[in-house]
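1. coords below, sequence missing:
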């Protein structure tokens, strides 16, 4: 056989369009000799020797390895430019074996249209990646550009907007107001966390009395209990919890799902990236083993309540958050651990971009007076963070959340914010001064820091232009007997407070706890394990956090920050 003929005019063995696209992830995964022009770049069959070449291949998918065997059986007759091929893959949506089901495997097409477009198909397979999702083709792995979203989605929202009141001349700090259908959020502002649509230890009326405005609820927990149907039947979260005049925000559930695999952020950092193992068992089995499976379609996780497997996709999490009806919702993202290879981190960031674009498109089908924030990723990698900012701010999101790995300590967090946050003040103009679609509103959209709101981080984040930040920090401290004060933390279990009669937790605080109770009584309640202590301590800590944010706003306006 004359090899020069096939150098200049060869047709790939796998001419089926769907096969070309769905196998392209394997192509880019890398075959050692795919650069040779004699080989079909899909089935890797040598066109000169005319024999099958079965190749086992491991695809690195995030932190997991999905094993798939590619078995190609191709035949070639002298003078033919068209070869049929068959690929059998055991992969399904989440790595389950569906080989016994109908439609198991792709079969190469032998029709004339495939022949005429084969070269174009090969190029498209390399440049427009798609994933293996069982035996069906999912969306291309290249995230959609801003032009794929409707023009109206870039217009201002009548029900949601950020009002920028003042920008500091000394730092990136700023003062503003976020207008939502259920009330105004003064910024910079603290966001309390009501994991199960309930704040630990206090009623929402108590929280409101401390000046609490925005409250965060977790989709992951609400999916498992009570379920979307119950909340939707009540008319949404605002009716369900009877907080009709206060704004709410819900997340996608991704953070909690990925914590099943990696453990908490603290556990992941303290173990150097080792997965959490055997920390929780149910029915005699390791509950974290294979707890999470990830592919292009989404995440499959196991319920911590009953062990059942639950799929979470960009579309399904948006649908759940539509049922909950929060003012601000978050798209599905992948949360990689701190200890991660740069190549895997890039894969994770790019997958997150595709998931967030899919979430946004699902959201835009029925906006329902809800705003959606994107989640900026990239870990501590400056190039990936820049790419994430540039891509996600080009889409019609209503605000920007800072997520992903934010460093192992406060110093790394502040360093990250220091070089990243100035990008949010860029006006989106190109070198010719023309404003690019989707970038023009960077400065005029709210910025949220996900999951970090301890006092030192707040003071630093405010100076870097963060508008809101959420954390269970003050409520968790309350349950463990730590109260916040302007003089420092009060560890109320200490006997030193047992005789400080008439001294409130904080002399400058006007919360109901400080107005009515002193340190000795609170010491007694904590030592006696009285449940009312948690309520009194949480009311105080929430008041302290909201007073702290009010002081930050005032100091910015006075030019002190």
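-> That came through, no problem. For clarity, every value in this text was computed on a predicted model and none was experimentally measured.

2. do you know the pLDDT at residue 259?
-> Reported pLDDT at residue 259 in the predicted model: 75.

3. scratch that, residue 336
-> Among the per-residue scores, residue 336 shows a pLDDT of 87.

4. which residue packs closest to it, ignoring adjacent ones?
-> Spatial nearest neighbour of residue 336, excluding adjacent residues (Cβ to Cβ, 6 or more residues apart in numbering): residue 348 at 4.5 Å. The way it works is simple: take the backbone N, C-alpha and C, and place the C-beta from them, glycine included.

5. what score does the one you found have for pLDDT?
-> So residue 348 comes in at 94 (pLDDT).

6. what residues are up against it?
-> By Cβ atoms under 8 Å, 6 or more residues apart in numbering, the contact set of residue 348 is 62, 334, 336, 340, 377.

7. name the nearest residue to the last one, sequence neighbours excluded.
-> Leaving aside its chain neighbours, residue 377 sits nearest to residue 404 (3.9 Å; criterion: Cβ to Cβ, 6+ apart).

8. so the one you found, which state does it fall into?
-> Three-state secondary structure (criterion: DSSP: H, G, I helix; E, B strand; the rest coil) places residue 404 in coil.

9. with residue 535 instead?
-> Looking at residue 535 with three-state DSSP, the answer is helix.

10. do the one 4 residues further on as well
-> The assignment at residue 539 comes out as helix when based on three-state DSSP.

11. okay but it is in contact with residue 208, surely?
-> No: counting by Cβ atoms under 8 Å, residue 539 does not reach residue 208; the two are 11.0 Å apart.

12. those two - which one has more neighbours?
-> Neighbours were tallied for residue 539 and for residue 208 using other Cβ atoms under 10 Å; the higher tally belongs to residue 539 (22 against 16).

13. how close does that one sit to residue 482?
-> From residue 539 across to residue 482, the span is 14 Å (Cβ to Cβ, to the nearest Å).

14. so, low pLDDT: which residues of the protein?
-> Low-confidence segments of the chain, defined by pLDDT under 70, span residues 1-140, 261-290, 427-440.

15. burial count for the nearest residue to residue 213 once chain neighbours are set aside?
-> Of all residues beyond its chain neighbours, the one nearest residue 213 is residue 185 (4.8 Å), with distances taken as Cβ to Cβ, 6+ apart. Residue 185 has 23 neighbouring residues, counting by other Cβ under 10 Å.

16. for whichever strand or helix holds residue 185, give me every contacting residue.
-> Using DSSP states H and E, residue 185 falls within strand 183-187. Applying Cβ under 8 Å, 6+ apart, the set of residues contacting strand 183-187 from outside is 174-178, 213-214, 245-247, 446, 467-468, 549-550, 553.

17. next SSE downstream of that strand?
-> Along the chain past strand 183-187, the next helix or strand (assigned with DSSP H and E) turns out to be strand 189-194.

18. which helices and strands sit right next to the helix or strand just after that next one?
-> Following strand 189-194 in sequence order, the next helix or strand is helix 204-209 (DSSP H and E). The elements that helix 204-209 packs onto, with contact taken as 3 or more Cβ pairs under 8 Å, 6 or more residues apart in numbering; DSSP states H and E, are helix 532-557.

19. now the helix it packs on: buried residues?
-> 533-549, 552-553, 556 (16 or more other Cβ atoms under 10 Å).

20. kindly report the same for stretch 248-255.
-> Within stretch 248-255, the residues scored as buried using 16+ other Cβ under 10 Å are 248, 249, 250, 251, 252, 253, 254, 255.

21. end to end on stretch 367-377, go ahead and measure it.
-> End-to-end distance for stretch 367-377: 24 Å, by Cα to Cα, to the nearest Å.

22. start the count at 381, not 1, going forward
-> Will do, 381 is the new start, and the previous item becomes stretch 747-757.

23. need the nearest residue in space to residue 635, chain neighbours excluded.
-> residue 715 (5.5 Å).

24. ramachandran angles for that neighbour?
-> Its backbone dihedrals place residue 715 at phi -100, psi 100, with angles given as degrees, to the nearest 10.

25. next: the one 10 residues further on.
-> Comment: the main-chain dihedrals of residue 725 come out as phi -60, psi -40, following degrees, to the nearest 10.

26. what number of residues lie near it?
-> Residue 725, neighbours per other Cβ under 10 Å, totals 21.

27. skipping its backbone neighbours, what lies nearest it in space?
-> Counting by Cβ to Cβ, 6+ apart, residue 725 lies nearest to residue 759, which is 5.4 Å off, once chain neighbours are set aside.

28. list the residues that contact that neighbour.
-> Applying Cβ under 8 Å, 6+ apart, one finds that residue 759 lies in contact with 716, 718, 720, 725, 765, 784, 785.

29. shouldn't the residue nearest to residue 757 be in contact with residue 760?
-> No: in this structure residue 784 lies outside contact range of residue 760 using Cβ under 8 Å: 9.1 Å.

30. quick one: the helices in the stretch 481-630 of the chain?
-> Taking DSSP state H, counting those that start in this stretch as the test, the helices found in the stretch 481-630 of the chain are 492-496, 498-507, 584-589, 599-604, 608-613, 617-620.

31. so residue 781, which of the three states?
-> strand.

32. distance of the residue nearest to residue 836 when sequence neighbours are not counted from residue 761?
-> Of all residues beyond its chain neighbours, the one nearest residue 836 is residue 790 (5.7 Å), with distances taken as Cβ to Cβ, 6+ apart. The gap separating residue 790 from residue 761 is 19 Å, by Cβ to Cβ.

33. so which of these two has more stuff around it?
-> For residue 790 against residue 761, the residue with the higher neighbour count under other Cβ under 10 Å is residue 761, and the figures read 19 against 14.

34. surely that one touches residue 725?
-> Yes: using Cβ under 8 Å, residue 761 is in contact with residue 725, at 6.2 Å.

35. contacting residues for residue 634?
-> Each residue near residue 634 by Cβ under 8 Å, 6+ apart is listed here: 600, 679, 692, 697, 712, 713, 714, 715.

36. so which of those residues are in helices?
-> Secondary structure from DSSP state H places 600, 697 of the contacts of residue 634 in helices.

37. closest one of the contacts of residue 634 to residue 736?
-> When those are ranked by distance to residue 736 (Cβ to Cβ), residue 713 comes first, at 6.2 Å.

38. my guess is residue 671 contacts residue 636. True?
-> No: taking Cβ under 8 Å as the definition, residue 671 is not a contact partner of residue 636, at 11.2 Å.

39. between residue 784 and residue 760, who's got more neighbours?
-> Remark: of residue 784 and residue 760, residue 784 carries more neighbours, 26 against 18, as counted by other Cβ under 10 Å.

40. OK, contacts around that one?
-> For residue 784, the residues meeting the contact criterion (Cβ under 8 Å, 6+ apart) are 713, 715, 716, 729, 755, 756, 757, 758, 759.

41. of all the residues in the strand holding residue 565, which ones are buried?
-> 563, 565, 566, 567.

42. tell me, how many residues neighbour the residue nearest to residue 635?
-> Based on other Cβ under 10 Å, the number of other residues close to residue 715 is 23.
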